[in-house]
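Colleague: whatever this is, show me its structure:
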Amino acid sequence: MEARFLLDLALILVVTKIFGLLTRRVHLPQVVGALFAGIILGPAILGIIQPSYIMNALAEVGVILIMFAAGLGTDFQQLRGSLKASGVIAVIGALLALAGGFALALNFGQGTRESIFIGVVLTATSVGISAEALQEMGKLKTKSGTTILGAAIIDDILGIIILSIMMGMGMGVGAGDVSFANIGMTLLRICMFFAIAAICGIVAFKFFEHLSVKGGGLRRLPIFGLAFCFFMAYLSERFGVADIVGAYIAGLVLCNSKAEKHIVENTAVLSYMFFSPIFFVSVGLGTSFAGLDRNTVTFTILLLVVAVAAKFIGCGFGAFLCKYSRSECMQVGVGMISRGEVAIIIATQGVGVGLMNVDLFSSVILVVVVTSLITPVLLKKMFGDKDAQLPSVM
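Modeller: Numbering: from 1, shown residues only. Now for the predicted structure:
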């Protein structure tokens, strides 16, 4: 088993690089190639590589590092300036996705709680996919880029809060009796996390600033930076918030510090050479076409249409209300389309507590994969960088 896993790693690294180069030659982000590699290598087509616990664990580290890098690459001043807009955009997009998913599932014979849950899954946005595509195109620090990241983070938090509320109200099988006290505790834990994260951020920023002025401290900065990233990811999980939120906050804390450049230079290679390809392949590995009947296929296609339209229209309209230009509205709308790690996490937990039929899980995974594939392509077109020379990141 160990030997087979090593072969799987070799295949992932080689195939993602080959597909990344191919997509690069046709002026597409290399993320698209990595996602295709996962679909081809996984159960959907060749079945050479199967999802496993250790693969999922490495993929989780990959998305944490992606979000840490996204935080480091964020223009903090611009993010702070667009925070209000990000909130408006996130809420409108999430509400439209929730309503669309609920109405669609209800019309396909699902119960009220199952229909609500399908809507909840659609509220989440893949921060990792959009962040990677924006970083690759050099658009992460633009007004649209920082707004997309801020809104995506808020979307994921909203999805997790709604899921926690549903479980707290006993809407899932075995979730217990209705308890509004559980809802209050969930919201309290989330507020406590952000309060503690703020304190940790202030302390960490001062520590890294102090270490940066010491000549001998530079070599230790990347190690301490990664440790801080994983600690914040752990802390967020302990408080019921997705680990990617903690990782992004860790990068955000250090993005304006003197340590930022040194940390980026020494940690980016670790992410791009090993962990990031595994994450993007893992999304493709979750795709399977087995057991899809005509009704499920129809539902999947319509769910995909709702998923794309709800975010593009809702988030684009939110940007319009916040006085963004027409091109920026379209960029924000497209950047919010992709679903990813958080949507999969929510769907998995929902299946476990009986909030979603197992047969519909494959539909959700297909929507996640397709939206993850088309978002980088559409972002490329929206930013109009046909002649841009994309950096090699895989």
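
Colleague: what's the spacing between the closest residue to I365 other than its chain neighbours and L21?
Modeller: Nearest residue to I365 in three dimensions, chain neighbours excluded: G286, at 4.9 Å (CB to CB, 6 or more residues apart in numbering). The way it works is simple: take the backbone N, C-alpha and C, and place the C-beta from them, glycine included. Going from G286 to L21 by CB to CB, to the nearest Å gives 24 Å.

Colleague: try A3
Modeller: Following CB to CB, the distance that separates A3 from L21 is 28 Å.

Colleague: which one of the two is surrounded by more residues?
Modeller: Comparing A3 with L21 by neighbour count (other CB atoms under 10 Å), the higher total belongs to L21, at 13 against 7.

Colleague: any idea which element that one lies in?
Modeller: Assigned by DSSP states H and E, L21 falls within helix 2-25.

Colleague: which stretches in the stretch 101-250 of the chain count as helices?
Modeller: 112-123, 127-137, 143-168, 180-212, 221-238, 243-254 (DSSP state H, counting those that start in this stretch).

Colleague: got a markdown table for those helices, with mean pLDDT and distance to V305 too?
Modeller: Listed next are the helices of the stretch 101-250 of the chain as a markdown table, based on pLDDT from 0 to 100; distance: least, CB to CB, whole Å:
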| stretch | mean pLDDT | distance to V305 |
| --- | --- | --- |
| helix 112-123 | 88 | 11 |
| helix 127-137 | 78 | 19 |
| helix 143-168 | 78 | 19 |
| helix 180-212 | 85 | 32 |
| helix 221-238 | 92 | 33 |
| helix 243-254 | 87 | 27 |
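
Colleague: of all the ones you listed, which one is nearest K380?
Modeller: The closest of the helices of the stretch 101-250 of the chain to K380 is helix 127-137. By CB to CB, the value is 6.7 Å.

Colleague: what angle separates that closest one from helix 2-25?
Modeller: Orientation of helix 127-137 against helix 2-25 (axes from the mean of the first three to the mean of the last three CA atoms, to 10 degrees) gives an angle of 50 degrees.

Colleague: low-confidence ranges, the stretch 251-394 of the chain, go.
Modeller: For the stretch 251-394 of the chain, applying pLDDT under 70 flags the ranges 288-292, 340-342, 345, 349, 352-353, 358, 385-394.

Colleague: now the helices for it?
Modeller: Secondary structure of the stretch 251-394 of the chain, counting by DSSP H, counting those that start in this stretch: helices at 260-270, 276-285, 294-321, 326-335, 341-352, 358-382.

Colleague: I'd like these laid out as JSON lines, including distance to A105.
Modeller: Shown next, in JSON lines, are these (distance: least, CB to CB, whole Å):
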{"stretch": "helix 260-270", "distance to A105": "41"}
{"stretch": "helix 276-285", "distance to A105": "23"}
{"stretch": "helix 294-321", "distance to A105": "8"}
{"stretch": "helix 326-335", "distance to A105": "23"}
{"stretch": "helix 341-352", "distance to A105": "12"}
{"stretch": "helix 358-382", "distance to A105": "8"}
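
Colleague: so for G47, which of those helices sits nearest?
Modeller: Between those, helix 276-285 lies closest to G47; by CB to CB that is 10.1 Å.

Colleague: ok, and what's touching that closest one?
Modeller: Contact with helix 276-285 is made by 9, 12-13, 16-17, 31, 34-44, 49-51, 55-56, 58-60, 62-63, 65-66, 128, 132, 340-341, 344, 368-369, 372, 393-394, as judged by CB atoms under 8 Å, 6 or more residues apart in numbering.

Colleague: distance check, L254 against G47.
Modeller: Separation of L254 from G47 (CB to CB): 41 Å.

Colleague: neighbour count winner among these two?
Modeller: L254 (27 against 11).

Colleague: just list the residues touching that one, thanks.
Modeller: L254 touches 71-72, 204-205, 208, 225, 228, 260, 263, counting by CB under 8 Å, 6+ apart.

Colleague: what do you get for A307?
Modeller: 97, 100-101, 122, 337, 339, 367, 371.

Colleague: where neighbours are concerned, which of these has the most?
Modeller: Counting neighbours by other CB under 10 Å, the top entry in those is R339, with 34 neighbours.

Colleague: pretty sure A259 contacts S212?
Modeller: Yes - if you go by CB atoms under 8 Å, A259 and S212 touch, sitting 4.8 Å apart.

Colleague: which residues do the two both contact?
Modeller: L221.

Colleague: compare those two (neighbour count), which wins?
Modeller: Comparing A259 with S212 by other CB under 10 Å, the one with more neighbours is A259, at 24 against 18.

Colleague: check contacts around that one.
Modeller: Contacts of A259 by CB under 8 Å, 6+ apart are 208-209, 211-212, 221, 225.

Colleague: switch the cut-off to 10 Å
Modeller: Contacts for A259 were tallied using CB atoms under 10 Å, 6 or more residues apart in numbering; they are 72, 204-205, 207-212, 217-218, 220-222, 224-225.

Colleague: how close does it sit to H210?
Modeller: A259 is 10 Å from H210, by CB to CB.

Colleague: what's the answer for S327, then?
Modeller: 43 Å.

Colleague: next one: S257
Modeller: 10 Å.

Colleague: can you check L9 too?
Modeller: Where H210 is concerned, L9 sits at a distance of 38 Å (CB to CB).
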